[in-house]
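Fold the following for me, if possible:
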Amino acid sequence: MRKTIILVAIGLFAFVGGCTTMSWIRTSNKEIKLRNEVSAQQDVCKAFFDNMFKSIAQVAEVADVKMDKSKEAFKEIYPALIEGRYSGEKGGALMKWVTESNPQFDISAAGSLYDKLADVIEAKRNEFFTEQKKLTSINNQHKNIIETWPGSWFLSGRDTIVITIITSTKTKEVYATGEENDIKLFKN
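Here you go, the predicted model:
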């Protein structure tokens with residue numbers, strides 16, 4: 001009988017010890033995976049920010065160069081066309097000017113270039129925001145596993161991860177003061 005009690009106690013102790021060890025291993029592995037996922041997502045955010053900045057800059061550069069080249073081409077062509085049409089011996093140049101079609105600088109094309117730039121800026125910023133949200137979500141999961149039970153028992157010595165969220169001076173000022181009074185979009 002005494003041997004049976006001792007064997008049951010040893011078996012119970014081994015079972016509890018095994019369960020505790022397995023729980024510790026599972027919790028530790030989950031924390032390590034989350035730590036690695038946060039690190040990887042931080043790298044994704046860096047790469048995405050770089051891509052966003054370069055895309056916006058290049059689309060803006062293309063728009064500006066295209067507009068400049070279009071203006072220069074128009075400046076070169078238009079005076080020669082006008083001079084050729086209205087100089088010379090034929091009369092009624094004023095009436096010709098009124099009735100015939102003259103080359104036009106296509107301002108709507110310029111507008112569409114800047115509309116495309118605005119679309120690229122908005123899309124890239126929204127995509128970057130999505131990547132930043134993923135990063136904060138993964139970081140939150142990591143904090144939860146470290147700070148809640150049973151993770152807090154097994155992982156009490158592990159630090160939370162410090163992530164970098166890209167923001168602006170304006171946002172920092174608003175959060176520091178608790179006020180946002182600058183609502184005028186187009187300043188004179």
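
which one is Leu113 nearest to, not counting chain neighbours?
Ala63 (4.0 Å; CB to CB, 6 or more residues apart in numbering). Placement of C-beta: from N, CA and C, glycine included.

try Ser152
Ile146 (6.7 Å).

got a list of what the one you found touches?
Glu31, Ser152, Leu155, Arg158, Thr160 (CB atoms under 8 Å, 6 or more residues apart in numbering).

In strands, which of the residues you listed appear?
If you go by DSSP state E, the contacts of Ile146 have nothing in strands.

Quick one: which of the residues you listed is the most crowded by neighbours?
Leu155 (20 neighbours; other CB atoms under 10 Å).

Break down this protein into its helices, ranges please.
Ranges of helices in the chain, per DSSP state H, are 2-86, 93-99, 107-147, 151-154, 169-177.

Roughly how far does the residue nearest the centre of the chain sit from Ser55?
In the chain, the residue lying closest to the centroid (CA atoms, centre = their mean) is Phe128, at 1.4 Å. To Ser55, Phe128 is 11 Å away according to CB to CB, to the nearest Å.

One more: Ser156?
44 Å.

Likewise for Arg26?
Arg26 is 42 Å from Ser55, by CB to CB.

before we move on, back to that, state the pair within the contacts of Ile146 that is farthest apart.
Using CB to CB, these span at most 11.9 Å, a distance reached by Ser152 and Thr160.

still on that earlier bit, need the contact list for the residue nearest to the centre of the chain.
Cys45, Phe48, Phe49, Met52, Ile166.

of Ser156 and Ser55, who's got more company?
Ser55 (14 against 9).

that older thread, any idea which of the helices of the chain gets closest to Phe186?
With respect to Phe186, and counting by CB to CB, the nearest of the helices of the chain is helix 107-147 at 14.4 Å.

chain center to that closest one: distance?
3 Å (CA atoms, centre = their mean, to the nearest Å).

Quick one: work out the angle between it and helix 2-86.
170 degrees (axes from the mean of the first three to the mean of the last three CA atoms, to 10 degrees).

so Lys134 touches Val38, yeah?
No. Shown here, Lys134 and Val38 do not form a contact pair, counting by CB atoms under 8 Å, at 9.9 Å.

Please say which of those two ends up with more neighbours.
Applying other CB under 10 Å to Lys134 and Val38 shows that Val38 carries more neighbours, namely 24 against 15.

Just confirm that one contacts Ile161, I think it does.
Yes. Val38 lies in contact with Ile161 (CB under 8 Å); the separation is 4.9 Å.

okay, and the common contacts of those two?
Joint contacts of Val38 and Ile161 (CB under 8 Å, 6+ apart) are Asn139, His142.

so where is this structure shaky, pLDDT-wise?
Along the chain, segments meeting pLDDT under 70 span 80-107, 110, 185, 188.
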